[in-house]
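Q: Let me see the structure of the following:
(one chain, ligands or ions: 2)
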Amino acid sequence: MDSELLVEEVRLTPILIPDPPLLNTQGVHQPYAPRLIVEVVTRGGVSGLGETYGDTRYLEPARPLAEALPGRSVTDVNGLFALARQVCGEPSATDGRVDAGGLRGAQTADKLRLSVVSAFEVACLDALGKTLGLPVHALLGGKVRDSVEYSAYLFYRWATHPDGGEADGWDAALDPAGVVAQARRFDRMYGFRSFKLKGGVFPPEREIAAIRALAEAFPGRPLRLDPNGAWSVETSLAVARELKDVLEYLEDPASGTEPMAEVAARTDVPLATNMCVTTFEEVPEAFSRDAVRIVLCDHHYWGGLHRTRELAALCRTYGVGLSMHSNTHLGISLAAMTQVAATLPDLHHACDTHYPWQTEDVVTVRPVFRDGRLAVSDAPGLGVELDRDRLAALHRRWLDDDGTMRDRDDAAAMRVADPDWRTPDVPRW
Ligand code: GKR
Ligand code: MG
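A: Residues are numbered from 1 along each chain as shown. Ligands and ions are numbered 1, 2, ... in the order given. Here you go, the predicted model:
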């Protein structure tokens, strides 16, 4: 058995997946988004799957890590971190490009490396689970629930990209009526109970009106607004005052621990974050200053499923709530999110997912949300299989790209419609 668990080969496949014109405070999504699919193949012939960001700066450290892994055991997931530090080199993390326009907080070399390691960790756990005939959640200590709740992730959006790209059949949503229509469709199709609106796109009064319209259309349902740190302390407080009776939480109204702590001290609306607490180093200050009441975990940049559980333990210790963050992702990541979420006893908020916005996938069977939930798979590993034809087609698209889509750049996509667009300074309002 031991030698069966040794890694024989690691395959990295960068791909481009269609992405709709979703607006955020930095700009708009490009027609295609890069992802990286990681396959860890064992000597026993089992292939484990992982998925992470596919931008060039993630591919660069992924390559030496893939080369260094053969000969090591898929059980040795803790060893991945030291190995990555040894072989990945120092990613160029201080040039301001580590994440798309800072929508995911701190930009450090460590965080970039962890975002790469996470896909290898997930792939190793998938391979181990498949070999042992156990689901990943069993390798994490076992599930505490049979299904995981997700929220509808509403975006202001255009119907199509200004320079073409594939239409996805969704209407534009640029005002309260459009946002409510989008929410109704999510509700009808998937039964999501909670709704999160990506804000920071329009002046706050317009976004307040959209949340009010949602509250009227869906009385009593949990609502969240996330402007990605676009507001000043005073604007954040004004929005909190206006929406205090309808918000489940306000996510990253202001940028940075200091302004978040100031807002938190002056409102009863719970503040959540996937921007000011995104690394373990940021925890002590934010928690000791009560800057946030809820942290959105994300196994990609926290460094995998085990580390997500470590974050959950810290949050539990400090009485901080837990939710889950999402970026553009496919079914492998969704399966990993669902497996780890199933093991977190204190996950009391519906998880975010971009998944319903994705029209293509590399898994053979697309997961289906019912009543806003995903059933937790008990199949070996993550419970998903790779569709190799789809993977090859999406990789072909990556190969054929002239370089413009290989790195996420929401500001560049916005400039197609508005040549004068530049990434707004924060606070924007
Ligand atoms: O995809 O436009 C987007 C989001 O704004 C994303 O980049 C954020 O990281 O969804 C994220 C969030 O909750 O802040
Ligand atoms: Mg957020």
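Q: burial measure for the residue in the stretch 51-200 of the chain positioned nearest to ligand 1, as a count.
A: Taking Cβ to the nearest ligand atom, ligand 1 has its nearest neighbour within the stretch 51-200 of the chain at residue 103, 3.8 Å off. Any C-beta I mention is one placed from the backbone N, CA and C, and that applies to glycine too. Residue 103 is flanked by 20 other residues according to other Cβ atoms under 10 Å.
Q: Pretty sure it sits against residue 226.
A: No: assessed by Cβ atoms under 8 Å, residue 103 is found out of contact with residue 226, at 9.7 Å.
Q: all helices of the stretch 1-150 of the chain, in order?
A: 56-68, 79-87, 109-132, 136-139 (DSSP state H, counting those that start in this stretch).
Q: hey, which of these is tucked in deepest?
A: Stretch with highest mean neighbour count among the helices of the stretch 1-150 of the chain: helix 109-132 (a mean of 26; mean count of other Cβ atoms under 10 Å).
Q: Just the pLDDT for the nearest residue to residue 415 once chain neighbours are set aside.
A: Distances taken as Cβ to Cβ, 6 or more residues apart in numbering place residue 421 nearest to residue 415, at 4.9 Å, with adjacent residues excluded. Looking at residue 421, its pLDDT is 97.
Q: Report the residue spans of this protein with pLDDT below the cut-off.
A: 1, 91-101, 165 (pLDDT under 70).
Q: Show me which residues of it are close to ligand 2?
A: 226, 251, 274 (Cβ under 5 Å from the ion).
Q: how about 6 Å then?
A: Contacts of the chain with ligand 2, taken as Cβ under 6 Å from the ion, map to 226, 228, 251-252, 274, 325.
Q: name the element residue 406 belongs to?
A: When elements are assigned from DSSP states H and E, residue 406 belongs to no helix and no strand.
Q: picking up where we left off before, who are the contact partners of the residue nearest to residue 415?
A: Residues near residue 421 by Cβ atoms under 8 Å, 6 or more residues apart in numbering: 27, 411, 414-415.
Q: before we move on, what about residue 378?
A: Residue 378 neighbours (Cβ under 8 Å, 6+ apart): residue 135.
Q: what's stretch 310-317 in contact with?
A: Contacts with stretch 310-317, where a contact means Cβ under 8 Å, 6+ apart, come from 280, 283, 287, 295, 297, 302, 320-322, 344-347.
Q: Sitting in helices, which of those do you find?
A: Mapping the contacts of stretch 310-317 onto helices (DSSP state H) picks out 283, 287, 302.
Q: which one among the residues you listed gets closest to residue 12?
A: Using Cβ to Cβ, residue 302 is the member of the ones in helices among the contacts of stretch 310-317 that lies nearest residue 12, at 21.2 Å.
Q: Contact partners for the most centrally placed residue in the chain?
A: Among the residues of the chain, residue 326 comes closest to the average C-alpha position under Cα atoms, centre = their mean, at 2.2 Å. Counting by Cβ under 8 Å, 6+ apart, residue 326 touches 153, 298, 337, 351-355.
Q: Off-centre distance for stretch 296-306?
A: 9 Å (Cα atoms, centre = their mean, to the nearest Å).
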